[in-house]
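1. I would like the atomic coordinates for the input below:
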Amino acid sequence: MIIKKVIAAPGRTGFFFDDQKAIKAGAKNDGSFYIGEARTPGFTSIRQAGESIAVMLQLEDGQLALGDAAAVQYSGAGGRDPLFLASDFIPVIEKEIAPRLVGRELSSFREIMEEFEAYRDKEGRKLHTALRYGLSQAVLDAVAKSSGRLMCQVVADEYGTQVQKDLIPIFSQSGDARYDSADKMIIKEVDVLPHALINNMEKLGPNGDGLAAYLDWLKNRVLQYRQNEGYQPVFHIDVYGTIGQLFGWTNLEAMAAYLERLAEIASPFHLRIEGPLDAGSGPEQIEWLSRLTRRVDERGIPVELVADEWCNTYEDVRAFADAGAGHMIQIKTPDLGSLHKTAEATLYCKEKGVKAYQGGTCNETVRSAQVSVHVAMATGPDQILAKPGMGVDEGIMIAYNEMQQILALLEG
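-> Next up, the predicted model:
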């Protein structure tokens, strides 16, 4: 089976592009808008509409394989590729990608995508991570359709794994609606919740009291409204480095003491803290997050630290895992480029005994979320993100339904 034609179309994502640098500097909300000037190159405002590109591969038998190129909400931050705008990158698909795909025999998903991961343009630049991400979805779909398999079966066959026989825990994110959205998650008995978006010092509160009060509310909310005592969700809070900002990211004792305080408040629920510090560069982040991880373990604090910022590529995931920088690592699918790198990163974490969180961003699409689920079902991460959007219900529905359909098809 060969690819006959490559078609690209602009699209919208499930959320926005946000200028993280401006937000961390204290930009204020006015409804859904942020007030102030953009600080990250490429942004014309602090919040912009999210954009995607549909990558469509027409096969010789008339089937159509689909993928969506999309980038993370905080594009251009933490060492990531710059803002991804459809008008800038559709020409790249048409001029650089399509000629290398038309007429191509669909053999191995992994082999085809390795070529595009290695590709460099005339200036020596790699394809934008969003392009590699969307292209890999379409190629995976094409290989699956050409061989009569599910996408998860293709990944499992190429990596020597087995497709999961049970649902993978779903992690849902609230955005700033951390109270109303938490209620939705409790009603639907989400496995891991609520993310909470603690992305500036005002939300963390003086001495961290704002987050402490929120955790206390969340714990009591679950205890009050859960339908059965067997529902024991994990509390996973993303703090975007604000704990290190408050106490000083080299002050291990102060940060550890605060984490212990949070764990005590969250009890009897297990606590994960994502991005406790941001050291400003990859090497510094690995050093200080690994030190904090060891300090938490030495003190026996019942909290898991989750690596996110500065952990963008497959090579980054390996470096963080090797150094013990975090108990869990977010494998942020659009940042790794091709989905075969997500598969490899997940398997590497499992080999190293580090928990793998197959994440992504609210700024994705239904299609990218569906294909991501197939990669997860083939590689078995410890949790997956409900995406796209911040509406809660939609992301949970997409992830849950896709997994249930895979299980039903394989059982049938």
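2. residues contacting the closest residue to V139 other than its chain neighbours?
-> Nearest residue to V139, sequence neighbours excluded (CB to CB, 6 or more residues apart in numbering): I112, at 5.3 Å. Just so you know, the C-beta spots here come from the backbone N, C-alpha and C atoms, and that holds for glycine as well. Taking CB atoms under 8 Å, 6 or more residues apart in numbering, we find I112 in contact with R104, L106, V139, V143.
3. Which of the residues you listed fall in helices?
-> The helices, defined by DSSP state H, take in V139, V143 from the contacts of I112.
4. Using TSV, please lay out the contacts of I112 together with pLDDT and neighbour count.
-> Formatted as TSV, the contacts of I112 follow (pLDDT from 0 to 100; neighbours: other CB atoms under 10 Å):
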residue	pLDDT	neighbour count
R104	95	17
L106	96	21
V139	98	29
V143	98	25
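5. Rebuild the contacts of I112 as JSON lines, extending it with distance to F15.
-> Shown next, in JSON lines, are the contacts of I112 (distance: CB to CB, whole Å):
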{"residue": "R104", "distance to F15": "33"}
{"residue": "L106", "distance to F15": "32"}
{"residue": "V139", "distance to F15": "25"}
{"residue": "V143", "distance to F15": "29"}
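6. just curious, which of the contacts of I112 is nearest to L277?
-> Distance to L277 across these (CB to CB) is lowest for V139, with 37.2 Å.
7. Which helix or strand contains F17?
-> strand 3-18 (DSSP states H and E).
8. Show me how this structure divides into domains.
-> According to automatic domain parsing, the chain comprises the domains 3-151, 170-411.
9. sorry, back to before: run the chain-centre distance for the strand holding F17.
-> On the basis of CA atoms, centre = their mean, to the nearest Å, strand 3-18 sits 18 Å off its chain's mean C-alpha point.
10. Report the mean confidence score over the next helix or strand after that strand.
-> Remark: after strand 3-18, the chain's next helix or strand is helix 20-24, criterion DSSP H and E. Helix 20-24 carries an average pLDDT of 85.
11. go on, stretch 331-347?
-> 97.
12. I'd like the distance from it to the chain centre, please.
-> With CA atoms, centre = their mean as the basis, stretch 331-347 stands 10 Å off its chain's centre.
13. Would you mind writing the CA trace of it as PDB?
-> The C-alpha trace of stretch 331-347 is given here as PDB (Å, rounded to 0.1, in the frame of the first residue of the first chain):
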ATOM      1  CA  ILE A 331       6.100  12.600  28.500                       C
ATOM      2  CA  LYS A 332       4.500  15.600  26.900                       C
ATOM      3  CA  THR A 333       3.500  14.100  23.500                       C
ATOM      4  CA  PRO A 334       3.600  17.200  21.300                       C
ATOM      5  CA  ASP A 335       7.000  18.200  22.700                       C
ATOM      6  CA  LEU A 336       8.600  14.900  21.800                       C
ATOM      7  CA  GLY A 337       7.700  15.200  18.200                       C
ATOM      8  CA  SER A 338       6.800  11.900  16.600                       C
ATOM      9  CA  LEU A 339       4.700   9.500  18.700                       C
ATOM     10  CA  HIS A 340       7.300   6.800  18.300                       C
ATOM     11  CA  LYS A 341       9.400   8.900  20.600                       C
ATOM     12  CA  THR A 342       6.600   8.900  23.100                       C
ATOM     13  CA  ALA A 343       6.500   5.100  23.000                       C
ATOM     14  CA  GLU A 344      10.200   4.900  23.500                       C
ATOM     15  CA  ALA A 345      10.200   7.400  26.300                       C
ATOM     16  CA  THR A 346       7.500   5.500  28.200                       C
ATOM     17  CA  LEU A 347       9.300   2.200  27.800                       C
END
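14. Which of the residues in that stretch are classified as buried?
-> 331-347 (16 or more other CB atoms under 10 Å).
15. what's the answer for stretch 276-287, then?
-> Buried, per 16+ other CB under 10 Å, within stretch 276-287: P276, L277, D278, A279, G282, Q285, I286.
16. go on, stretch 68-84?
-> 68-78, 80-81, 83-84.
17. Nearest to G412 among the residues you listed?
-> The closest of the buried residues of stretch 68-84, once distances to G412 are taken by CB to CB, is D68, at 27.9 Å.
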